[in-house]
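In: sequence and predicted structure below; questions after.
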Amino acid sequence: MAKEAEAHSAEDKEKREEIEARNQLDGLVYNIEKMLKENGDKVSGSEKAEVETALADAKKVLEDKPTPADMNAAREKLTQASHKLAEAMYKANASSAGAGVPPTDGEAAAAGTADEGKKDEGVIDAEYVDVEDKK
């Protein structure tokens, strides 16, 4: 049985690479579709069109019988397009949330101390000692 396993190890490795590449691409396609559905209205048409084109290409690759190299290439292309989409969404959110000005160190520290006070409310630090065992 061990000889059979060794004889088929190369086939098993290829199949594993194919399955991993398919799963990665399929997961990325799902996440990008979800991101577009939720935030598609926050980006311009050209950036959205580029991502949709990359999504369509990735879906087409998944429908065929692709090699792991084909799936990895489609995943890379989709990843690059999604980075541009995320950048555009970040810029849109920054401009609408406060003109894109990050808080100063003092403001961030004040916000941090306010949050810390809320986390510790109602928490009592105590020790438990079993008195009966010491008799």
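Out: Good, I have the coordinates. Numbers count the residues shown, from 1 in each chain.

In: which residues touch the most centrally placed residue in the chain?
Out: Ranked by distance to the mean C-alpha position of the chain (Cα atoms, centre = their mean), the top residue is Asn31 at 7.5 Å. For Asn31, no contacting residues are found, by Cβ atoms under 8 Å, 6 or more residues apart in numbering. In this view, the C-beta of every residue, glycine as well, is placed from N, C-alpha and C.

In: ditto for Arg22
Out: Counting by Cβ under 8 Å, 6+ apart, Arg22 touches 62, 66, 71.

In: among these, which one sits closest to Glu20?
Out: Met71 (9.2 Å; Cβ to Cβ).

In: once you drop chain neighbours, what's closest to the closest one?
Out: Ala21 (4.0 Å; Cβ to Cβ, 6 or more residues apart in numbering).

In: list the buried residues of the helix or strand that neighbour falls within.
Out: Ala21 is part of helix 9-39 when elements are defined by DSSP states H and E. For helix 9-39, the neighbour count (16 or more other Cβ atoms under 10 Å) marks 21-22, 25, 28-29, 32, 35-36, 39 as buried.

In: TSV for the residues you listed, including pLDDT and distance to Lys15?
Out: Shown next, in TSV, are the buried residues of helix 9-39 (pLDDT from 0 to 100; distance: Cβ to Cβ, whole Å):
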residue	pLDDT	distance to Lys15
Ala21	89	11
Arg22	90	11
Leu25	90	16
Leu28	91	21
Val29	91	21
Ile32	89	26
Met35	86	30
Leu36	85	32
Asn39	77	36
